[in-house]
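Trainee: give the three-dimensional model of this entry:
(chains A and B)
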2 protein chains.
Amino acid sequence: MTLCWIDGAPADRLSVKDRGLAYGDGLFETILVTSGQPRLFERHLERLASGGSRLALALDLMVIRQECLAFAAQMGEGVMKLIVTRADGQRGYGPTPDARPRRILQSSPLPAHPEHHAEHGIRLFPCQTRLAEQPLLAGLKHLNRLEQVIARGEWQDAEHAEGLMRDTSGRIIEAVYSNLFLIQGNVLRTADLSRCGVAGVMRAELLDQARALGIAVQITDLQMADLAQASEVLVCNSVYGVWPVRAFERQNWPVGPLTRKLQNLARRLLDI
Amino acid sequence: MTLCWIDGAPADRLSVKDRGLAYGDGLFETILVTSGQPRLFERHLERLASGGSRLALALDLMVIRQECLAFAAQMGEGVMKLIVTRADGQRGYGPTPDARPRRILQSSPLPAHPEHHAEHGIRLFPCQTRLAEQPLLAGLKHLNRLEQVIARGEWQDAEHAEGLMRDTSGRIIEAVYSNLFLIQGNVLRTADLSRCGVAGVMRAELLDQARALGIAVQITDLQMADLAQASEVLVCNSVYGVWPVRAFERQNWPVGPLTRKLQNLARRLLDI
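Mentor: Numbers count the residues shown, from 1 in each chain, chains lettered A, B, ... in the order given. Below you'll find the model as predicted:
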């Protein structure tokens, strides 16, 4: 059974005047729930707060926290999606400064990813769709996601579990619904997301955990040539944790020791 | 009284699973209705069809046409907003190839623009928000409009009726909810929209009408320096028609003869 709440009350239908629909004027979080608990919850709230501040959405984080906890307890397990929008608007782009954001919570079952993704690694599809460079929106998990929709539409086969996305200048940024890390000379490297990309909650967590373990980390511009230099490649998000990347076009990587270490860390954090 | 239909039936609430809300996965048109008729209707349908084809949305244009005509007849006058979305989705960006798009029609009253905008011209606000360069989405009137939301939030005063938007490379592209034309040496010039921007219905109409009148037109890259060279500047859209631009920062322009000619054309087309 799926649950759905709008502003704290069970409901599954929304005003057509909602600015989330009209302009994608809002943010979302996709949160794993196990044993009735939202996982990496503080990080999700932190990113939401930062997005709210950048989009001038006056989020009531106390209420959001309480609702998410109550919703997760009812769910038990699955994926909890939280959407916040700038509520109803009149005609016109101008944001109403005193808008009280709307909260939408939806549950869905745990995704049925094949076990071999985590065990033996995945193949990345080479997406032609490029990410536009927009510093004002970079890093945010906002509701303007047509680039991801188009990119995910580029492949239908089950052979590719994810797709590699570059920006319009050719830099490697992320995967369609994951962040990407390369391991080069014992340094854990991931793309700078100041021009585009989504700053994933698991990405932030892995960066912090790696630093705490004394692993060198680098947030930088990544070029396609870096893939050939990498000894390990992995993708991560806050639902499945870490998947090794074993192949991209004609390049192959083993599932390496640092990837396994981060994967185990992610499993503990997600309770999976 | 405002009207609202979803898929042809009166309704003002929408499934929260709609991909228009989740990802901005859809398109819209804002259509002036006078005397029960949608104005520039064939051009609106044409743009919608082109957007649908670029986003792989299988639009039923016959049904859309009939619904819009019936809706406009009931409205009498005002602004009719048509949204089409990729209907309900499951979790995940991947578009379902057989999705039957959802149609949402909403009416709103005619906007109350001061008469002096059209008569004496407007002042443009210099928006700091830049448009990202994304050829895959350029020209489309899609539902990913956070750039316009942020740009429109840059000013609150009534002195500025519109804002000038540039792309991340500094080129002049458009105004927040209008397209922009410059007149330089008797040539009607407007921005190339192959990297970003919305290809407005009134823009297309004015370009065609100008060509038919033997006026030279040029679709090109426009730089800030072009403003200083312009003898007339105007903005246009399919609701208000044409407004002369009289001021931008320290630059001023008269309301010139070509602007008046295009404005009168637009009035006839819109029946205003």
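Trainee: now the residue positioned nearest the centre of chain A. Nearest residue, chain neighbours left out?
Mentor: Residue closest to the mean C-alpha point of chain A, counted by Cα atoms, centre = their mean, is A:Gly200 at 4.5 Å. Distances taken as Cβ to Cβ, 6 or more residues apart in numbering or on different chains place A:Asn179 nearest to A:Gly200, at 4.2 Å, with adjacent residues excluded. For the C-beta atoms, the positions are set from N, CA and C on the backbone; glycine is no exception.
Trainee: what segments of the stretch 1-150 of chain A are strands?
Mentor: Taking DSSP state E, counting those that start in this stretch as the criterion, the stretch 1-150 of chain A carries its strands at A:4-6, A:9-10, A:13-15, A:26-34, A:37-38, A:78-85, A:102-108, A:122-131.
Trainee: the stretch 151-272 of chain A too?
Mentor: For the stretch 151-272 of chain A, the strands defined by DSSP E, counting those that start in this stretch cover A:160-167, A:172-175, A:179-184, A:187-191, A:216-220, A:232-237, A:241-248, A:251-252.
Trainee: got the ones you listed as TSV, with mean neighbour count columns?
Mentor: Output for the strands of the stretch 151-272 of chain A, formatted as TSV (neighbours: other Cβ atoms under 10 Å in any protein chain shown):
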stretch	mean neighbour count
strand A:160-167	22
strand A:172-175	25
strand A:179-184	23
strand A:187-191	22
strand A:216-220	14
strand A:232-237	26
strand A:241-248	22
strand A:251-252	12
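Trainee: which one of those lies closest to A:Pro10?
Mentor: Closest approach to A:Pro10 among these (Cβ to Cβ): strand A:232-237, 28.1 Å.
Trainee: and that closest one, average pLDDT?
Mentor: Taken as a whole, strand A:232-237 has an average pLDDT of 98.
Trainee: quick one: is it near chain B?
Mentor: No. For strand A:232-237, no contact with chain B is found by Cβ under 8 Å from any Cβ of the partner chain; the gap never falls below 11.8 Å.
Trainee: domain ranges for chain A?
Mentor: Listed domain ranges for chain A are A:4-108, A:115-270 (source: automatic domain parsing).
Trainee: JSON lines please, covering the ones you listed and showing distance to B:Val84.
Mentor: JSON lines is the format used below for the domains of chain A (distance: least, Cβ to Cβ, whole Å):
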{"stretch": "domain A:4-108", "distance to B:Val84": "11"}
{"stretch": "domain A:115-270", "distance to B:Val84": "14"}
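Trainee: what is the neighbour count of the residue of the stretch 151-272 of chain A found nearest chain B?
Mentor: Per Cβ to the nearest Cβ, A:Arg152 is where the stretch 151-272 of chain A lies closest to chain B, at 4.1 Å. Number of residues near A:Arg152 (other Cβ atoms under 10 Å in any protein chain shown) recorded here: 22.
Trainee: A:Met224: how many residues sit nearby?
Mentor: Neighbourhood size, A:Met224 [other Cβ under 10 Å]: 14.
Trainee: in this structure it contacts A:Gly170, no?
Mentor: Yes. Between A:Met224 and A:Gly170 there is a contact under Cβ atoms under 8 Å: 7.0 Å.
Trainee: hmm, back to that, quick check: which of the domains of chain A is nearest to B:Leu164?
Mentor: For B:Leu164, the closest of the domains of chain A is domain A:4-108, at 14.6 Å, according to Cβ to Cβ.
Trainee: list the contacts of the residue nearest to A:Arg145 when sequence neighbours are not counted.
Mentor: Nearest non-adjacent residue to A:Arg145, counting by Cβ to Cβ, 6+ apart: B:Tyr23, 3.8 Å away. Going by Cβ atoms under 8 Å, 6 or more residues apart in numbering or on different chains, B:Tyr23 touches A:Gly24, A:Leu143, A:Asn144, A:Arg145, A:Leu146, A:Gln148, A:Val149, B:Gly89, B:Tyr93.
Trainee: related to what we said a few turns ago, quick one, what contacts the residue of the stretch 151-272 of chain A closest to chain B?
Mentor: For A:Arg152, the contact set (Cβ under 8 Å, 6+ apart) comprises A:Gly163, A:Val176, A:Tyr177, B:Gly92, B:Tyr93, B:Gly94, B:Pro95.
Trainee: which of the residues you listed sits closest to B:Ser50?
Mentor: Distance to B:Ser50 across the contacts of A:Arg152 (Cβ to Cβ) is lowest for B:Pro95, with 17.7 Å.
Trainee: for the contacts of A:Arg152, give me a markdown table that also has distance to A:Asp7.
Mentor: Shown next, in a markdown table, are those (distance: Cβ to Cβ, whole Å):
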| residue | distance to A:Asp7 |
| --- | --- |
| A:Gly163 | 35 |
| A:Val176 | 30 |
| A:Tyr177 | 27 |
| B:Gly92 | 25 |
| B:Tyr93 | 26 |
| B:Gly94 | 29 |
| B:Pro95 | 29 |
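Trainee: lowest-confidence entry in the residues you listed?
Mentor: For the contacts of A:Arg152, the pLDDT minimum is B:Pro95, 84.
Trainee: quick one, what contacts the closest residue to that residue other than its chain neighbours?
Mentor: Of all residues not flanking B:Pro95 in the chain, A:Gly153 sits nearest, at 5.0 Å (Cβ to Cβ, 6+ apart). Under the criterion of Cβ under 8 Å, 6+ apart, the neighbours of A:Gly153 are B:Ala56, B:Gly94, B:Pro95.
Trainee: any idea how far A:Glu154 is from the last one?
Mentor: To A:Glu154, B:Pro95 is 11 Å away according to Cβ to Cβ, to the nearest Å.
Trainee: who's more crowded, the two?
Mentor: Neighbours per residue (other Cβ under 10 Å) separate B:Pro95 from A:Glu154, with B:Pro95 holding more: 19 against 15.
Trainee: phi first, then psi, for that one.
Mentor: Here is the backbone geometry of B:Pro95 (degrees, to the nearest 10): phi -70, psi 140.
Trainee: doesn't B:Asp25 make contact with it?
Mentor: Yes. B:Pro95 sits in contact with B:Asp25 when judged by Cβ under 8 Å, with a separation of 7.2 Å.
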